[in-house]
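A.B. asks: Pasting the sequence and the predicted model now:
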Amino acid sequence: MNFNELVQKSEMLAEDIYSLRIRSERIAQEALPGQFVNVRCSNGLDAYLRRPISICRVDPSNNTYDIVFMKKGKGTNYLCCFTEGDFIDVMGPLGNGFTLPEKNEKVAVVGGGIGIFPLLFLLEMCNASKKTAFLGFQTAESIVLKKDFEKACTELIISTDDGSLGFKGFITEPFIKWLKSEKPDRVYTCGPLPMMNIVAESCLSQGIFCQVSMEQRMGCGIGACLVCACKVKLNDDYDYAHVCKDGPVFPAQRLIFD
Ligand SMILES: Cc1cc2nc3c(=O)[nH]c(=O)nc-3n(C[C@H](O)[C@H](O)[C@H](O)COP(=O)(O)OP(=O)(O)OC[C@H]3O[C@@H](n4cnc5c(N)ncnc54)[C@H](O)[C@@H]3O)c2cc1C
Ligand code: FES
């Protein structure tokens, strides 16, 4: 399931945020929003384990897909060195994606930081009647893909921690305010755990369908190593699920956020 694929384009979108456009008929034709690829970032023993990165968008007519990632540590330091014409070893598409809405439904996505990338794929793929996107960033300089989100949704609300663009504060604040007057059919969220916890609780308390895309460190990416465990409800007790195989997308009511 792993293939060496051609990097067609590489781009720096903002400080420490990079995008790679990769040619792959299989992923461009088969991938669903919320799925990810597990990427070998280097050939040596350094950063030996693959790193999971969400599929940010696909272009089936050109057989390409994009990943967007933040340079964080060893693996992504190697990843941002890939340029046009290089070959990259990628496993995927992996995991369970989002449940797409029906045509006449109203949806909202709530994303923060690197969690916004799978939400763009979702917005671009779904033909809901109204799509509202709430995206949180640290500063105006760290905002990426704004035009793409504007194009993919009906309404875009942005927050920055320092107030340099949009609402000043966390994105959960305008979302909760909006939720008081709007009743979306489905809400999807991806980003920092505290943000997703608030979004999930707000939706569940009003009986609104909510799916959460979990982030967890990974090893194998295919359910074989148990590195990616996350706590889930099991009747009155709890159990562990694999983010790579059972997720990364989970129904909000199944998760235990501790
Ligand atoms: C399903 C899934 C989809 C993802 N999609 C994207 C994406 O689209 N774009 C993107 O930039 N990143 C994404 N990530 C996160 C990405 O996999 C990690 O940032 C990456 O593995 C870091 O690797 P590194 O070698 O650069 O950093 P490391 O040297 O391994 O770690 C650097 C720092 O990041 C922390 N870290 C590493 N991995 C994770 C993780 N999974 N969750 C939280 N903290 C972590 C470490 O604790 C450490 O503090 C995704 C993760 C998952 C599980
Ligand atoms: S990463 Fe190995 S089981 Fe999920």
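C.D. replies: That came through, no problem. Ligands and ions are numbered 1, 2, ... in the order given.
A.B. asks: use CA for all of it now, contacts and neighbours both
C.D. replies: Fine.
A.B. asks: Give me the contacts around stretch 48-66.
C.D. replies: 19-29, 31, 33-42, 67-69, 75-76, 117-121, 124, 218-221 (C-alpha atoms under 8 Å, 6 or more residues apart in numbering).
A.B. asks: Is the closest residue to Ile176 other than its chain neighbours inside a helix or a strand, and which specific one?
C.D. replies: In space, and not counting its chain neighbours, Ile176 is closest to Ser202: 7.2 Å by C-alpha to C-alpha, 6 or more residues apart in numbering. Assigning secondary structure by DSSP states H and E places Ser202 in helix 193-205.
A.B. asks: go on, Val110?
C.D. replies: Secondary-structure element containing Val110, defined by DSSP H and E: strand 106-112.
A.B. asks: Direction-wise, compare that strand with helix 193-205 and give the angle.
C.D. replies: Angle between the axes of strand 106-112 and helix 193-205 is 160 degrees (criterion: axes from the mean of the first three to the mean of the last three C-alpha atoms, to 10 degrees).
A.B. asks: so what strands line up beside strand 106-112?
C.D. replies: Take DSSP bridges as the rule and strand 106-112 pairs in its sheet with strand 130-137 (parallel), strand 186-190 (parallel).
A.B. asks: which other helices and strands contact whatever helix or strand Glu5 lives in?
C.D. replies: Using DSSP H and E, Glu5 sits in strand 2-14. For strand 2-14, the contact count by 3 or more C-alpha pairs under 8 Å, 6 or more residues apart in numbering; DSSP states H and E identifies strand 17-23, strand 87-94 as packing neighbours.
A.B. asks: just to revisit the earlier point, which one of the strands paired with strand 106-112 lies closest to ligand 1?
C.D. replies: Using C-alpha to the nearest ligand atom as the criterion, the shortest distance between ligand 1 and the strands paired with strand 106-112 is 9.3 Å, found for strand 186-190.
A.B. asks: can you map out the helices along the stretch 101-250 of the chain?
C.D. replies: Remark: helices assigned in the stretch 101-250 of the chain by DSSP state H, counting those that start in this stretch are 117-125, 146-152, 172-181, 193-205.
A.B. asks: Redo the ones you listed as TSV? Include distance to ligand 1, mean pLDDT and mean neighbour count.
C.D. replies: Formatted as TSV, the entries for those read as follows, by distance: least, C-alpha to the nearest ligand atom, whole Å; pLDDT from 0 to 100; neighbours: other C-alpha atoms under 10 Å:
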stretch	distance to ligand 1	mean pLDDT	mean neighbour count
helix 117-125	5	98	24
helix 146-152	15	97	15
helix 172-181	20	96	15
helix 193-205	9	97	18
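A.B. asks: ok, and what's touching the strand holding Glu5?
C.D. replies: Judged by C-alpha under 8 Å, 6+ apart, the contacts made with strand 2-14 from elsewhere in the structure are 18-24, 82-92, 141-145.
A.B. asks: List the residues that contact Lys245.
C.D. replies: For Lys245, the set of contacting residues under the criterion of C-alpha under 8 Å, 6+ apart consists of 94-96, 221-223.
A.B. asks: actually Phe175, sorry about that
C.D. replies: The contact partners of Phe175, taken as C-alpha under 8 Å, 6+ apart, are 110, 134.
A.B. asks: what about 10 Å?
C.D. replies: By C-alpha atoms under 10 Å, 6 or more residues apart in numbering, the residues touching Phe175 are 108-110, 132-135, 157, 182, 198-199, 202.
A.B. asks: List the buried residues of the helix or strand bottoming out on mean pLDDT in the chain.
C.D. replies: Sorted by mean pLDDT, DSSP states H and E, the helices and strands of the chain end with strand 2-14, the least confident at a mean of 92. For strand 2-14, burial by neighbour count (16 or more other C-alpha atoms under 10 Å) applies to 5-10, 13.
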